[in-house]
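Student: Sequence first, predicted coordinates after that:
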Amino acid sequence: MILMKKLIKNEDGQTMIIFVFVLVALIGFAALVVDLGMDHVTKGTMQKAADSAALAASQDLDISANTAINTAITYAQKNGLKSTVNGVTESGDTITVTTPYNGDATKIEVTCKRKVNYSLAGVLGLSSANISAHAVAQRTGVTSPAFNYTLFSGQVDLEINGNKHIIDGDVYGKTGVNIYGNQSEINGTAVSGNNICNVPPGTTVVKNTVIDFPDLTGLIRSQATVYTQAQINALISSGQAINGPIYVDGDLTINGRIRGTGIIYASGNIIISPYQQPTDSIIFCTGNDFTFNGGSGLIYGVLYAPNGGFTNNGGPNGEIYGRILTKDAIVDNGAKFSLHSSTNDINGLSTLITTKLVE
């Protein structure tokens, strides 16, 4: 009987030990589920904050590095971070912003860090963890091979009729390049997306090269300041320069000089009789068609119509110092028409900004 009681006592002790081990294991499992699960949630929060902060800040890199850094901190705070000073930990949160990033002033890095205190993981010897996420965004201008051409027809043949036209630069026609009339010149390469090229003798020809024609109108409108025809007229009269995108809802008539480097986009047709100067670089953009009433007027910049065409009523002295890029580029005029491009023509594109995450 005494022996039996000892055995029962021993078993009670073993049961208690087993129970303790099981309890520790259950708490450890709960820690994995609760505390380490919270790590996963916090990681997602930190990544969202870093991504949005980097993208927002990259848009301000052209203003100054300090402005971009402050923007990053503001957007990280909007996503729940408590820190208010770059690189300083406050209430367990740290926002660290670096620009230039790896020596590149167009990039900005945002790292968001949070200290998470565990409630159950202490049984596993874990009291807290630092959860962090980082993002790198880059600010870039808009580029496209289409803007490398002096005269570009994005959907159909490039067709030039009449005599003595002079095109200084490369030309492109998606379905062909056809230069008719006498004594016209292309001082560049004629590129066709098809196998059709009727060009003046001696012109270099490249066939079967397809170049996509970008439609930037949506991007331009999203970044533009809205103007009316009356405000455009006042802009011309006052001589005020533009240095960014402007949007006009409907048709637009331009009589005179628009100074500066920027973009003017009208959703309707544009009738243009400008007197631009070599210091100007304006991208004139239409949702429909251009009519160029040049006469002795001059354009310095780009006529861009991704969904429309170009009509030249310029007369014998019609000259454009820039580029024409349209869906349907046709120069149909018996009088001499001259088109000269330079590297400054597309400077207005630099005012159109895109940002993207690169890390």
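Tutor: That came in fine, so what should we check first? A quick note: this is a predicted structure, and the numbers were derived from the prediction, not measured.
Student: Just list the residues touching the closest residue in space to Thr89 that isn't next to it in sequence, thanks.
Tutor: Nearest non-adjacent residue to Thr89, counting by Cβ to Cβ, 6 or more residues apart in numbering: Ser83, 6.7 Å away. Just so you know, the C-beta spots here come from the backbone N, C-alpha and C atoms, and that holds for glycine as well. Contact partners of Ser83, counting by Cβ atoms under 8 Å, 6 or more residues apart in numbering, are 73, 76-77, 89-91, 93-95.
Student: Out of the residues you listed, name the ones that lie in strands.
Tutor: 93-95 (DSSP state E).
Student: Show me the helices in this structure, by range?
Tutor: For the chain, the helices defined by DSSP state H occupy 2-58, 65-78, 217-223, 229-238.
Student: was I right about Lys48 contacting Asn79?
Tutor: Yes - here Lys48 reaches Asn79: they are 5.7 Å apart, a contact under Cβ atoms under 8 Å.
Student: just to revisit the earlier point, export the ones in strands among the contacts of Ser83 to JSON lines and append columns for neighbour count and distance to Ile242.
Tutor: Output for the ones in strands among the contacts of Ser83, formatted as JSON lines (neighbours: other Cβ atoms under 10 Å; distance: Cβ to Cβ, whole Å):
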{"residue": "Asp93", "neighbour count": "20", "distance to Ile242": "41"}
{"residue": "Thr94", "neighbour count": "22", "distance to Ile242": "41"}
{"residue": "Ile95", "neighbour count": "28", "distance to Ile242": "36"}
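Student: quick revisit: and the residue nearest to Thr89, how close does it get to Val110?
Tutor: The gap separating Ser83 from Val110 is 11 Å, by Cβ to Cβ, to the nearest Å.
Student: list residues touching both of the two?
Tutor: 76, 95.
Student: Val210 and Lys174 touch, don't they?
Tutor: Yes - applying Cβ under 8 Å, one finds Val210 in contact with Lys174, separated by 7.1 Å.
Student: what sits in contact with each of those two?
Tutor: Gly193.
Student: out of those two, which sits in the busier spot?
Tutor: Neighbours per residue (other Cβ atoms under 10 Å) separate Val210 from Lys174, with Lys174 holding more: 24 against 10.
Student: Skipping adjacent residues, who's closest to the more buried one in space?
Tutor: Lys174 sits nearest to Gly193 (Cβ to Cβ, 6+ apart), 4.3 Å away.
Student: List the residues that contact that neighbour.
Tutor: Counting by Cβ under 8 Å, 6+ apart, Gly193 has contacts 172-176, 208-211.
Student: Return the distance of it relative to Thr209.
Tutor: Gly193 is 6 Å from Thr209, where distance means Cβ to Cβ.
Student: Report pLDDT for Leu26.
Tutor: At Leu26, the model reports a pLDDT of 57.
Student: correction: Asn243
Tutor: 90.
Student: That one contacts Arg259, correct?
Tutor: No - with contacts counted by Cβ under 8 Å, Asn243 stays clear of Arg259, the gap being 9.6 Å.
Student: more neighbours, the two?
Tutor: For the pair Asn243 and Arg259, the greater number of neighbours falls to Arg259 (19 against 11), based on other Cβ under 10 Å.
Student: partners of the more buried one in the sheet?
Tutor: Applying DSSP bridges to Arg259 yields these beta-bridge partners: Ala241.
Student: Which residues lie in contact with it in this structure?
Tutor: Per Cβ under 8 Å, 6+ apart, neighbours of Arg259: 239-242, 277, 279-280.
Student: Report the separation between Met350 and Asp249.
Tutor: Just so we're on the same page, residue 350 is Ser rather than Met. Distance of Ser350 to Asp249, computed by Cβ to Cβ: 25 Å.
Student: let me fix that: Gly188
Tutor: Taking Cβ to Cβ, one finds Gly188 at 36 Å from Asp249.
Student: Can you give me the neighbour number for Thr209?
Tutor: Residues within reach of Thr209, counting by other Cβ under 10 Å, total 12.
Student: and the gap between the residue lying closest to it once chain neighbours are set aside and Asp157?
Tutor: Distances taken as Cβ to Cβ, 6+ apart place Val191 nearest to Thr209, at 5.4 Å, with adjacent residues excluded. Distance, Val191 to Asp157, using Cβ to Cβ: 13 Å.
Student: what do these two both touch?
Tutor: Residues within reach of Val191 and of Asp157 at once, by Cβ under 8 Å, 6+ apart, are 173, 177.
Student: So those two - more neighbours on which side?
Tutor: Taking other Cβ under 10 Å, Val191 and Asp157 do not tie; Val191 has more neighbours (24 against 20).
Student: is the more buried one in a bridge, and if so with what?
Tutor: Val191 has these beta-bridge partners by DSSP bridges: Tyr172, Val206.
Student: Make 686 the first number, not 1, from now on.
Tutor: Sure, I'll start numbering at 686, so the last one becomes Val876.
Student: who are the neighbours in contact with it?
Tutor: For Val876, the contact set (Cβ under 8 Å, 6+ apart) comprises 834, 855-858, 862, 890-892, 894, 896.
Student: what pLDDT does it get?
Tutor: pLDDT, read off for Val876, is 94.
Student: correct me, but Leu1024 touches Asp855?
Tutor: No - with contact defined as Cβ under 8 Å, Leu1024 does not reach Asp855; the gap is 11.3 Å.
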